[in-house]
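Q: Need coordinates for the below:
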Amino acid sequence: MHEIKFLVDESVDFPLVVFLRSKGFNVKSISEDCPSLEDSKILDIAFKENRIIISNDKDFGNLVFKQNLKSVGVVLLRLHDQSSKAKIEALNMLINNYFSKLLGNFIVVSIRGIRIRKIR
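A: Numbers count the residues shown, from 1 in each chain. Here you go, the predicted model:
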């Protein structure tokens, strides 16, 4: 089992949860555990449980950088191809190439590449 844990926002397709679990990660899914939860509460749960949020929701950037809410890490998927397959491929690439950067950073995965910004 990996020491990195994830919290997957309900904006992310469930096959990504299945993929991460198949890789041996500890994954909590908002769609399974508490659908329709406010983003600020999702951040709070993730921080308390030391989980990295995976989301398609840009609002997490505002919460982390403008409102200074605590976070151990966020992965924001901003792909033009919204298929589960494309998102899984992007996430797999991120894990394989940027695993050591997941904690403590806000990471945007887009068609233009990977942007990593340190969380205060």
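
Q: Could you use CA atoms for every contact and neighbour count after this?
A: OK.

Q: What residues are bridge-paired with Ile107?
A: Under the criterion DSSP bridges, Ile107 forms beta bridges with Val75, Ile116.

Q: Tell me how many other residues crowd it.
A: Residues contacting Ile107 under the criterion other C-alpha atoms under 10 Å number 24.

Q: thought it was touching Val74?
A: Yes. With contacts counted by C-alpha atoms under 8 Å, Ile107 reaches Val74, the gap being 6.1 Å.

Q: Listing request: residues of this structure with sub-threshold pLDDT.
A: 1-2 (pLDDT under 70).

Q: residue nearest the centroid of it?
A: Against the mean C-alpha coordinate of the chain, by C-alpha atoms, centre = their mean, the closest residue is Ile54 at 1.5 Å.

Q: downstream neighbour of the helix or strand hosting it in the secondary structure list?
A: Using DSSP states H and E, Ile54 maps to strand 51-55. Using DSSP H and E, the helix or strand that follows strand 51-55 in sequence is helix 59-61.

Q: residues in contact with that next one?
A: Asp39, Val74, Phe106 (C-alpha atoms under 8 Å, 6 or more residues apart in numbering).

Q: show me the contacts for the last one.
A: In this case it means Phe106. Gly61, Gly73, Val74, Val75, Leu76, Ile116, Arg117, Lys118, Ile119.

Q: for the first one, same thing?
A: With C-alpha under 8 Å, 6+ apart as the criterion, the residues that contact Asp39 are Asp59, Phe60.

Q: just the second one next, same as before
A: When contacts are counted by C-alpha under 8 Å, 6+ apart, Val74 is found next to Ile52, Ile53, Ile54, Ser55, Phe60, Leu102, Asn105, Phe106, Ile107.

Q: What's the local residue count around Asn96?
A: 10.

Q: next one: stretch 87-96 to chain centre, how far?
A: Distance, stretch centre to chain centre, for stretch 87-96: 11 Å (C-alpha atoms, centre = their mean, to the nearest Å).

Q: Give me the three-state assignment for Leu63.
A: helix (DSSP: H, G, I helix; E, B strand; the rest coil).

Q: Please look at it and Ser40 and confirm they touch.
A: Yes. Using C-alpha under 8 Å, Leu63 is in contact with Ser40, at 7.1 Å.
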